[in-house]
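Q: Dropping the sequence and predicted coords here.
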Amino acid sequence: MTLTRRLLLLALISVLPAIAIWTYTEVSLRRAREAEISDQVIRQAKLAGSELERVFDGIHSLLIAVDETPSIRGFNTLTCNAYLKTLQQKVPHVLSFVVLDLDGDVRCQHSDVQVDRSYKERSYFRDALATQQFVVGQYTQEFAEGGLGSHPVLPLALPVWSSSGLVIGVLAAALDLNWLDQKLKERALPAGGSLTIADSSGIIIAREPFPEKYIGLKISDGFVNHVREGGTEAIEIATLDGVKQILGYVAVKTPPHDIYVSLGLSWKAAFDAINRAASRGFILIAAALVLALSLSQLTSRGFITKPFETMTNSVRAWRRGNYQARINPRGAPAELRVLAQAFNDLMDDVAERQQALQTSEEQARLALDAGHMGTWWYDHVKGLGGLSAQAALLLGLPAEKTTVDVPQWRCLVHPEDAERVLAKMKASVMGNGHYEDEFRVRHPDGEVRWINSKGRVFFDARRRPIHFVGIFQDITERRQAEDQQQFLLGELNHRVKNTLTTVQSIASQTLRSVPDLAHFKEAFEGRLLALSKTHDLLTRNSWREADLRDIAEQELAPYRKKGDERVIIDGPHVKLPTRYAINLGLVLHELVTNAVKYGALSSASGELELKWSIMTNGSPQRQIRCQWGERGGPPVQAPRHQGFGSRLIRRSIEGELSGHMTLQFAATGVVYDFTIPLP
């Protein structure tokens with residue numbers, strides 16, 4: 001713990017006695033208030049229960065008097081109906097009187113509404129017959145047997161006795177619950193208080209305030225069970241509208257079931273005075289605590305915090321790489337000045353070593369950059385690998401991507417090499433720890449690069465791998481040079497053969513077409529010179545740019561004579577960049593060679609036509625379409641296998657130039673049709 005915090009803790013401890021005294025006083029006051037409020041709500045709930053009992057006693061006495069009436073006992077409908085009607089008008093809080101026989105059929109009622117069904121399923125009817133005494137029923141929304149529509153009532157019933165002492169029916173009265181609620185309003189409730197009456201099933205039959213929101217709703221089963229178990233103490237509960245109250249309750253004994261009366265006081269209103277006093281006490285204690293902490297803070301600022309800030313500022317400067325920063329201990333206590341001087345001496349030594357380390361790291365970085373190399377490592381304990389910025393760039397990743405796990409590494413390696421690469425790494429871990437491999441990686445843009453990877457595994461004392469470190473080197477150019485060298489060797493071999501074949505064909509055709517040997521020398525040398533000029537055209541321009549027409553005319557010049565239309569060239573002048581000139585030159589050379597060896601130029605009657613055009617097809621990119629057609633030569637048939645020349649043609653058109661080529665071996669002669677997009 002810091003010294004400043006210790007001073008603040010000391011100030012806090014000094015205020016703890018006041019906090020303890022305030023807490024004890026607050027708890028004592030609240031307990032006393034809780035006891036007072038609990039006693040008050042239970043008392044008032046009992047008073048309300050007594051008033052409800054008087055109401056039930058009054059109706060009980062009235063029903064006993066009615067039960068003694070002869071017309072009631074004799075079920076004299078006309079007489080008893082008139083009697084009950086007159087009685088109801090005198091007792092308006094009883095909305096209906098009705099007499100039912102033992103089958104539950106209505107025999108007498110105050111209303112003129114005809115009732116033609118049995119009501120023996122009513123709970124008050126069954127309870128009155130079962131107990132043979134006065135009963136209080138349950139909340140009823142519609143008292144149809146008494147001719148009432150939708151109106152909340154509470155049925156009360158008494159058995160009807162015959163003169164011989166037998167029960168012959170049930171006399172029932174419907175107490176108006178709206179009248180009962182008006183009686184509740186006459187009681188003076190405390191501010192925020194409430195009075196609730198519920199029947200034996202927990203349905204609210206009267207409530208103040210807001211009777212319209214509560215009458216007919218059911219109180220919680222937990223509360224009903226608590227009352228049924230005989231609890232009498234006050235409890236804290238939230239009402240249906242979410243108001244927290246202190247609730248006192250009583251059970252009014254009304255056979256065969258009880259009526260529940262509860263009176264609640266607002267918890268907030270009951271403890272308002274105590275809460276205000278507690279707030280004032282808390283504010284005073286908080287003010288004293290803030291004052292003590294402020295004084296401690298000011299004291300520690302000058303003697304502790306400020307000298308330590310000076311030291312920590314220098315440490316932050318060192319962490320940012322400023323190894324020349326030093327601690328100025330002026331004004332600090334003697335102990336801190338000694339500590340500051342020790343730190344300064346330490347940083348003098350660190351600065352010298354850091355300078356040497358930076359020089360070494362810079363030399364290593366320059367060497368790696370110059371060799372297109374980057375470093376990598378893998379932590380076997382954490383299962384996580386890392387990359388230097390240069391290594392990440394070599395793999396096609398952002399320079400800030402410095403971590404990579406095994407699944408990510410597997411995705412970077414070319415699918416054809418992934419299994420072999422991982423197997424070789426595992427073999428290094430299981431073997432002597434030395435590792436070297438060459439493989440391909442795929443960049444996110446689809447580019448494939450060749451990587452040479454070398455590394456070494458470091459083990460612990462129990463021969464378990466700890467770290468795997470190594471370097472990457474991009475060897476794509478070397479591999480491409482090797483591939484190009486192999487290709488050029490094959491091309492050179494092929495060209496030599498083709499050149500010899502072309503010379504032989506030129507000699508043969510020249511010999512057949514001249515009348516004597518005197519003219520042979522001139523014609524033969526002219527065709528050889530034309531062949532040489534084709535090569536000169538490509539060499540002279542270093543393949544930087546060439547005209548397609550020039551290339552075509554140079555390649556076909558040995559086979560064109562004045563007045564001889566065997567060879568036709570038709571197309572506009574098109575300047576071709578290096579790659580296009582090289583590949584189209586190779587293609588035309590192969591096509592000419594094939595025509596000389598096997599096609600139209602191998603016979604005296606053969607004809608050849610080369611034409612091209614520029615197309616746009618409605619898009620910004622231009623395309624060149626070339627058509628090479630032969631006729632009149634030897635019979636044509638598709639070859640059984642593809643030779644080097646045919647592979648070179650297709651590779652140049654579709655691979656190097658991203659074009660499209662079709663080849664037809666028609667009866668009249670071979671036909672090439674290819675389209676190439678121009679840059």
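A: Structure's in. What do you need?
Q: If you count neighbours, what's buried in the helix or strand harbouring residue 426?
A: Per DSSP states H and E: residue 426 is located in helix 415-430. Residues 417-418, 421, 425, 428 are the ones in helix 415-430 that count as buried (16 or more other CB atoms under 10 Å). C-beta: built from backbone N, CA, C; applies to glycine.
Q: before we move on, which element is residue 645 in?
A: Residue 645 belongs to helix 644-650, assigned by DSSP H and E.
Q: same question, residue 469
A: For residue 469, the element it lies in under DSSP H and E is strand 465-474.
Q: quick one: that strand to helix 415-430, angle?
A: 140 degrees (axes from the mean of the first three to the mean of the last three CA atoms, to 10 degrees).
Q: Give the partner strands of strand 465-474 in its sheet and their orientations.
A: strand 373-379 (antiparallel), strand 448-459 (antiparallel) (DSSP bridges).
Q: Please state the offset of stretch 414-424 from the chain centre?
A: For stretch 414-424, the gap between its own C-alpha mean and the chain's C-alpha mean amounts to 33 Å (CA atoms, centre = their mean, to the nearest Å).
Q: what is the mean pLDDT for it?
A: Stretch 414-424 carries an average pLDDT of 89.
Q: Contacts for that stretch next, please.
A: With contact meaning CB atoms under 8 Å, 6 or more residues apart in numbering, stretch 414-424 is reached by 406, 410, 413, 435, 437, 439-442, 448.
Q: Stretch 632-645 too?
A: Contacts of stretch 632-645 (CB under 8 Å, 6+ apart): 490, 494, 498, 590, 593-595, 598-603, 605-607, 646, 665-670.
Q: Now do the strands in the stretch 151-300 of the chain.
A: 167-176, 194-198, 204-208, 235-238, 244-254, 257-266 (DSSP state E, counting those that start in this stretch).
Q: Which of the ones you listed has the lowest mean pLDDT?
A: Of all those, strand 235-238 has the smallest average pLDDT, which comes to a mean of 60.
Q: hang on, the earlier thing: tell me which of the strands paired with strand 465-474 sits most buried.
A: Stretch with highest mean neighbour count among these: strand 373-379 (a mean of 19; mean count of other CB atoms under 10 Å).
Q: Name the residues that touch it?
A: Strand 373-379 is contacted from outside by 367-368, 384-394, 453, 455, 466-474, using CB under 8 Å, 6+ apart.
Q: At the geometric centre of this protein, which residue do we find?
A: residue 408 (21.3 Å; CA atoms, centre = their mean).
Q: I'd like the distance between that residue and residue 435.
A: 19 Å (CB to CB, to the nearest Å).
Q: just residue 615 next, same as before
A: Residue 615 is 54 Å from residue 435, by CB to CB.
Q: higher neighbour count, the two?
A: The neighbour comparison of residue 615 against residue 435 (other CB atoms under 10 Å) goes to residue 435, with 19 against 13.
Q: buried residues in the helix or strand where the more buried one lies?
A: For residue 435, the host element (DSSP H and E) is strand 434-442. For strand 434-442, a neighbour-count test (16+ other CB under 10 Å) marks 435, 437, 439-442 as buried.
Q: Let me know how buried residue 675 is, in neighbour terms.
A: So residue 675, with other CB under 10 Å, has 17 neighbours.
Q: That one: what secondary structure?
A: Here residue 675 takes the strand state, with states given by DSSP: H, G, I helix; E, B strand; the rest coil.
Q: and the next element down the chain from the helix holding residue 645?
A: Past helix 644-650, the next helix or strand by DSSP H and E is strand 660-665.
Q: May I have the strands that pair with that next one, each with its orientation?
A: With DSSP bridges as the test, strand 660-665 pairs up with strand 670-677 (antiparallel).
Q: Now the partner strand: buried residues?
A: 670-672, 674-676.
Q: what's the answer for stretch 90-104, then?
A: Applying 16+ other CB under 10 Å to stretch 90-104 flags 93-101, 104 as buried.
Q: Distance to residue 312 added to the strands of the stretch 151-300 of the chain, as a markdown table?
A: Below are these laid out as a markdown table (distance: least, CB to CB, whole Å):
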| stretch | distance to residue 312 |
| --- | --- |
| strand 167-176 | 82 |
| strand 194-198 | 62 |
| strand 204-208 | 67 |
| strand 235-238 | 52 |
| strand 244-254 | 51 |
| strand 257-266 | 55 |
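Q: Identify whichever of those strands lies nearest to residue 657.
A: strand 235-238 (82.5 Å; CB to CB).
Q: ok, now which ones touch the residue nearest to residue 155 when sequence neighbours are not counted?
A: Excluding its sequence neighbours, the residue lying closest to residue 155 (CB to CB, 6 or more residues apart in numbering) is residue 137, at 3.6 Å. By CB under 8 Å, 6+ apart, residue 137 lies in contact with 122-124, 127, 154-157, 172, 199.
Q: Which one (most neighbours) among those residues?
A: residue 172 (28 neighbours).
Q: hang on, the earlier thing: want to throw the contacts of residue 137 into a markdown table with distance to residue 571?
A: As requested, those are exported to a markdown table (distance: CB to CB, whole Å):
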| residue | distance to residue 571 |
| --- | --- |
| 122 | 110 |
| 123 | 109 |
| 124 | 113 |
| 127 | 115 |
| 154 | 111 |
| 155 | 112 |
| 156 | 117 |
| 157 | 117 |
| 172 | 116 |
| 199 | 107 |
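Q: Tell me the one of those residues nearest residue 39?
A: Nearest member of those to residue 39, counting by CB to CB, is residue 199, at 26.9 Å.
Q: I figured the closest one was touching residue 205, is that so?
A: Yes - assessed by CB atoms under 8 Å, residue 199 is found in contact with residue 205 at 5.5 Å.
Q: what do these two both touch?
A: In contact with both residue 199 and residue 205: 139, 154, using CB under 8 Å, 6+ apart.
Q: Dump the buried residues of helix 415-430 to CSV, plus distance to residue 25.
A: Below are the buried residues of helix 415-430 laid out as CSV (distance: CB to CB, whole Å):
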residue, distance to residue 25
417, 81
418, 76
421, 77
425, 74
428, 76
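Q: Alright, I will stop here.
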